[in-house]
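Peer 1: starting from these lines, generate the structure:
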Amino acid sequence: MFAAENGLKGDPRLQAISDAIRVVPHFPKQGIMFQDITTLLLDHKAFQHTIDIFVDRYRDMDISVIAGVEARGFMFGPSIALAIGAKFVPLRKPKKLPGEVIAEVYELEYGTDCLEMHVGAIPPGERVIVIDDLVATGGTLSAAIRLLERVGAKVVECACVIGLREDKGQRRLNGKPLYILVEPREIDGCC
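Peer 2: Residues are numbered from 1 along each chain as shown. Now for the predicted structure:
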C-alpha cells in the first residue's frame, strides 16, 4: 500500500521525498528510468521526512529487527532501527559477510542472484521489517522474506521508498504487506 492511501494523503512530506529523487533516463540501459536516491540523501529535510514516516509507522508495532537489503536498504535501515529501538541486520550479496552465513538464491530476468545473512543474527520469533529503496518485480524482497522465515523470523512487512503502482490495490509479497512511500518519477516525453 502507498503511504498516501494509508493516512498520509496530501502530506507535503511525500511530495518533498518524491521531488528529491533524481530520475536518470536510459540508465543503466536504454528505456530504464533510474530512480536515483542519492539526491534524496543529499536533501537532509527530505531524508529526515523519509525516516520519520517509517519510524511513525513502525514505532508501536513491536518490531525487533530492521533487515536492510544490500545496498540501498543500508542507507535507511539503521536510522529507522535506532529510532524504534530495534537492531539492524544487513542482507548482503554473496561473499560479503565473514563467518557462517545462510543464503537464499533467487531468479532474475536473466540469471540468478543471492542474499546472505549471518547465522544466528536473528533468533526465531523476532518481528522483522525488510527495507529497500525500490520495489519493481518484488524478486529481491521475496527472497529476503524466504531467507528470514527460514530462520524462524516473523516478517511483519516490507518497506520501500519507491514502488510501482499495481492495478489490484494493496500489494503483497509472499503474503506480506508492502508499504511504499512514493511512486517512481518520470520525465515528460522520455522513455
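
Peer 1: from here on, contacts and neighbour counts on C-alpha atoms
Peer 2: OK.

Peer 1: how near is the nearest residue to residue 32 once chain neighbours are set aside to residue 94?
Peer 2: The spatially closest residue to residue 32, leaving aside those adjacent along the chain, is residue 26, at 4.8 Å (Cα to Cα, 6 or more residues apart in numbering). Distance of residue 26 to residue 94, given as Cα to Cα, to the nearest Å: 28 Å.

Peer 1: again with residue 134
Peer 2: For residue 134 relative to residue 94 (Cα to Cα), the value is 20 Å.

Peer 1: quick check: buried residues in the helix or strand that contains residue 80?
Peer 2: For residue 80, the element it lies in under DSSP states H and E is helix 73-84. Buried residues in helix 73-84, defined by neighbour count with 16 or more other Cα atoms under 10 Å: 73-81, 84.

Peer 1: dump it to PDB, restricted to CA.
Peer 2: This file holds the C-alpha atoms of helix 73-84, laid out as PDB (Å, rounded to 0.1, in the frame of the first residue of the first chain):
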ATOM      1  CA  GLY A  73      18.400  -0.700   2.300                       C
ATOM      2  CA  PHE A  74      21.600   0.000   4.300                       C
ATOM      3  CA  MET A  75      21.000   3.800   3.900                       C
ATOM      4  CA  PHE A  76      17.600   3.800   5.500                       C
ATOM      5  CA  GLY A  77      17.500   0.800   7.800                       C
ATOM      6  CA  PRO A  78      20.000   1.700  10.500                       C
ATOM      7  CA  SER A  79      18.400   5.100  11.200                       C
ATOM      8  CA  ILE A  80      14.900   3.500  11.500                       C
ATOM      9  CA  ALA A  81      16.300   0.700  13.700                       C
ATOM     10  CA  LEU A  82      17.900   3.200  16.100                       C
ATOM     11  CA  ALA A  83      14.800   5.300  16.300                       C
ATOM     12  CA  ILE A  84      12.500   2.400  17.200                       C
END
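
Peer 1: distance from the chain centre to that helix, please.
Peer 2: Its chain's C-alpha centre and that of helix 73-84 lie 11 Å apart, by Cα atoms, centre = their mean, to the nearest Å.
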